[in-house]
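Enquirer: fold the following and give me the result.
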Amino acid sequence: MTMKLGILFSGGKDSMYAAWLARKRGYEIGCLISVFSENKESYMFHTPNIKLVKDQARVMGLPLIVVRTEGKKEEELKDLEKGILKAVGKYGLGGIVTGAVSSVYQASRVQKICNGLGIECFNPLWLRDQVELLNDLIKDKFKVIVSGVFAYPLDEKWLGREIDNEFVREMVKLKEKYKVNVAGEGGEYESFVVSCPLFKKKLEVIGFNDSGEGNSWRRELELR
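Expert: Residues are numbered from 1 along each chain as shown. Below is the predicted model:
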């Protein structure tokens, strides 16, 4: 019997690609689990455009469980645990998939929750080479755009950029010069997936609103 998994889902490239890899490996995706945090500086959770996961879930044809939290450090983990417990009961999940690449803080805390609930925790991107990861995204026809930047030397000109071969080349140069993480694992940037093999149709960006200053900017998207 195929194990049914829930995806800890932010709408960004890592959680979406982790979902795709889980599907490719023969697992059934039972649902998406997204955390809506009131704290834009959340230690655990992606916040730019988080409410648009509803549109992604729709074009993926998957149920979505929304977990709401004030985003207080460690307290937000209790809210996540309640959401995962609800998903396990409702959809018969045997495990959770995360998009963690190198964040021990995030991966260890989700693993602890899964251990407590007696379910598996899968991290298919764990310790992947970051350049290789982005190249695989492009090769597998993921269309991903930058929805936020939060580190020097990134600025508002990076908002809305597609993660393509030129993007990867530029990020590699910035890594060499400024030690930034190519895949944004240090929180340098956030992303949003508008098209991928899991979608029944592409999402179209029809408008946006930018806010920020210096090297900290967000782009809130309007979709169709």
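Enquirer: mean confidence for the top helix by length along the chain?
Expert: For the chain, the helix that runs over the most residues, judged by DSSP state H, is helix 75-91. In this model, helix 75-91 has an average pLDDT of 94.
Enquirer: now do the next helix or strand after it: distance to the chain's middle.
Expert: For helix 75-91, the following helix or strand on the C-terminal side (DSSP states H and E) is strand 95-97. Going by CA atoms, centre = their mean, to the nearest Å, the spacing between the C-alpha centre of strand 95-97 and its chain's C-alpha centre is 14 Å.
Enquirer: what's the next secondary structure element after strand 95-97?
Expert: Once the chain leaves strand 95-97, the next helix or strand it forms, by DSSP H and E, is helix 104-117.
Enquirer: how about residues contacting that next one?
Expert: Outside helix 104-117, the residues within contact range by CB atoms under 8 Å, 6 or more residues apart in numbering are 8, 43-44, 77, 80-81, 84-85, 88, 95-96, 98, 100, 120-121, 123, 126. For the C-beta atoms, the positions are set from N, CA and C on the backbone; glycine is no exception.
Enquirer: buried stuff in the longest helix of the chain?
Expert: Judged by neighbour count (16 or more other CB atoms under 10 Å), helix 75-91 contains these buried residues: Glu76, Leu77, Asp79, Leu80, Glu81, Gly83, Ile84, Ala87, Val88, Tyr91.
Enquirer: how about those in TSV, adding distance to Lys202?
Expert: Shown next, in TSV, are the buried residues of helix 75-91 (distance: CB to CB, whole Å):
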residue	distance to Lys202
Glu76	32
Leu77	34
Asp79	32
Leu80	30
Glu81	34
Gly83	28
Ile84	30
Ala87	27
Val88	32
Tyr91	26
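Enquirer: for the longest helix of the chain, which helices and strands make contact with it?
Expert: Packing partners of helix 75-91 (3 or more CB pairs under 8 Å, 6 or more residues apart in numbering; DSSP states H and E): strand 4-8, strand 28-37, strand 64-69, helix 104-117.
Enquirer: can you lay out these as TSV showing mean pLDDT, distance to Leu198 and mean neighbour count?
Expert: Compiled in TSV, these are given as follows (pLDDT from 0 to 100; distance: least, CB to CB, whole Å; neighbours: other CB atoms under 10 Å):
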stretch	mean pLDDT	distance to Leu198	mean neighbour count
strand 4-8	98	10	26
strand 28-37	96	8	22
strand 64-69	95	13	17
helix 104-117	93	21	15
